[in-house]
Structure formats: structure tokens, C-alpha cells
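Trainee: next one to model:
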Amino acid sequence: MNQKPQTCIILFAKFPAQDMAKTRLQPALGIEGAAQMARRLLLHSIEQALATGFAVELCVSPAPTDPCWQALNLPDSLQWSAQADGDLGLRMLTASQRALHPLETKRFEQVLLIGTDCPSLTTIRIRQAAQQLETQDSVMIPAFDGGYVLFGFKQVAARLFSTIEWSTASVAKVTQQRLAELSWSVALLAPLPDIDEPEDLPYLPECWLGDCKFIEN
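Mentor: So this is what the prediction gives:
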């Protein structure tokens, strides 16, 4: 009997459609440039996640059956799911419950939630986060802007995702308070930058900026 995979990375992603993806970067990159950056961030995040050797579930909007995803020619090893309706918290909760449910045929022992906004979230850092769950109840890599770029755990509680003002500077702090209320231990790793605003662009790998001919002066 094959041993079941223990760790599942759930990567939340939206299709990098032009004029709908990374719109806050448009003042610096233009409409086409912002969409290209969103696509590059998505592909980079998938590459880094798959290189860990863990199972990787791409939780997407629009649904996996939408023809737009075929244009990206993504690896066959990816698992796919559709994002639930509701705010980001409900979407993360639903996906986490599905992955950790003891009655599912493909049950995982631990889940790492990530997005596509952080090129600094490398394979090594994801593996280091997963390793923390050997001794801790949860692990978090905060973002410079007050959110988080990775959140991992071995069990899930709705309180970690409900009544939180998403996309604000209080997300990581409030989540840590909820973890304390649950008496869960948490490993806090070094914060990393998201790429959301023009002022975040210096955090990109140098080669990215060199290749991005679409950046406007």
C-alpha cells in the first residue's frame, strides 16, 4: 500500500487576465505589463511549490473547467479545485477542510496555504515552513504589508478565517491572536514582501526587472 502524501500545498490563484490582474501595478507597468507580471508570478509560484515534492492543489477562479486555464499549459502533476463562493477567508477555510477531512480518500496530514504574490516564497522556504509543523500546531510567514504569504496547520478552525478584514495590515496580527485563543502553537518565520503596489517592485528578483521590457519609465 502506498503511503498517503502528508503535506498539501493549496495555492490560491486567479487567472491573470488583462486589465483584471494586478491592476494596482498598472501605473508602473501599464495594463499589459501588469497582466504579464501576474502571469509570471503565478507560474513562478507553481514552479516553486511543485519543486518541494509535496502535493500541490491549484485552487482557482474561474473554475478549472474554464478554457482560459488551458492557455497556460500547466504541469499535469497539479491537482485542481474551484474556489468556493464568499470572501477569502471562506475560500481558504473550505479548501482546508476538504484537504484535511478524515473521510476523504486523499487525506493530508498538514496543509500549507499560499498565494501567487510573493516571488521570495521559494521552494526552500516552503519546505522550512512544512518542517515547523513537526513540532508546532501552525506556521506563518507574515507579509511586509501585515498579511501573510504562507499559513500552515495540521487541523483547521473556522475562527482562523471568519470576521477578518482581508487585505488590511491587521490580518496576520488578528490571525495570531486567534491562534492564541485556540491555544495553538505557531512558528513565525521571517516576513517576506508581496508584490501588490508599484513601490513593491524593487523586491522583485533582479532578473525579472531586466526582462520586463514592458515597464514604463
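Trainee: show me the contact partners of stretch 119-126.
Mentor: Stretch 119-126 is contacted from outside by 9, 41, 44-45, 48-49, 51-52, 54, 112, 114, 141, 149-150, 189, 192-193, 195, 203-205, 208, using CB atoms under 8 Å, 6 or more residues apart in numbering. The way it works is simple: take the backbone N, C-alpha and C, and place the C-beta from them, glycine included.
Trainee: again, only using 10 Å
Mentor: For stretch 119-126, the external contacting residues (CB atoms under 10 Å, 6 or more residues apart in numbering) are 7, 9, 37, 40-41, 44-45, 47-54, 56, 112, 114-115, 118, 128-129, 141, 143-144, 149-150, 152, 189-195, 203-205, 208.
Trainee: and it, what's buried?
Mentor: For stretch 119-126, a neighbour-count test (16 or more other CB atoms under 10 Å) marks 119, 120, 121, 122, 125, 126 as buried.
Trainee: ok, stretch 74-92 next?
Mentor: Buried-residue list, stretch 74-92, by 16+ other CB under 10 Å: 78, 79, 81, 82, 83, 84, 87, 88, 89, 91, 92.
Trainee: pick out the most distant pair among those.
Mentor: For the buried residues of stretch 74-92, with distances taken as CB to CB, the pair at the greatest spread is 78 and 87 (24.7 Å).
Trainee: export the buried residues of stretch 119-126 as a markdown table, with columns for distance to residue 62, pLDDT and secondary structure.
Mentor: What follows is the buried residues of stretch 119-126, written out as a markdown table (distance: CB to CB, whole Å; pLDDT from 0 to 100; DSSP: H, G, I helix; E, B strand; the rest coil):
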| residue | distance to residue 62 | pLDDT | secondary structure |
| --- | --- | --- | --- |
| 119 | 24 | 96 | coil |
| 120 | 28 | 96 | coil |
| 121 | 24 | 97 | coil |
| 122 | 28 | 97 | coil |
| 125 | 29 | 98 | helix |
| 126 | 26 | 98 | helix |
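Trainee: just list what the helix of greatest length in the chain packs against, helices and strands only.
Mentor: For the chain, the helix with the greatest residue count under DSSP state H is helix 26-50. Here helix 26-50 touches strand 7-14, strand 55-61, strand 110-114, helix 123-132, helix 206-211, going by 3 or more CB pairs under 10 Å, 6 or more residues apart in numbering; DSSP states H and E.
Trainee: nearest residue to residue 87 in space, ignoring adjacent ones along the chain?
Mentor: In space, and not counting its chain neighbours, residue 87 is closest to residue 166: 6.2 Å by CB to CB, 6 or more residues apart in numbering.
Trainee: picking up where we left off before, now do the buried residues in the longest helix of the chain.
Mentor: In helix 26-50, counting by 16+ other CB under 10 Å, buried: 26, 28-29, 31, 33-42, 44-46, 48-50.
Trainee: can you report how many residues neighbour residue 199?
Mentor: Residue 199 has 8 neighbouring residues, counting by other CB atoms under 10 Å.
Trainee: swap that for residue 72, please
Mentor: Neighbours of residue 72 (other CB under 10 Å): 13.
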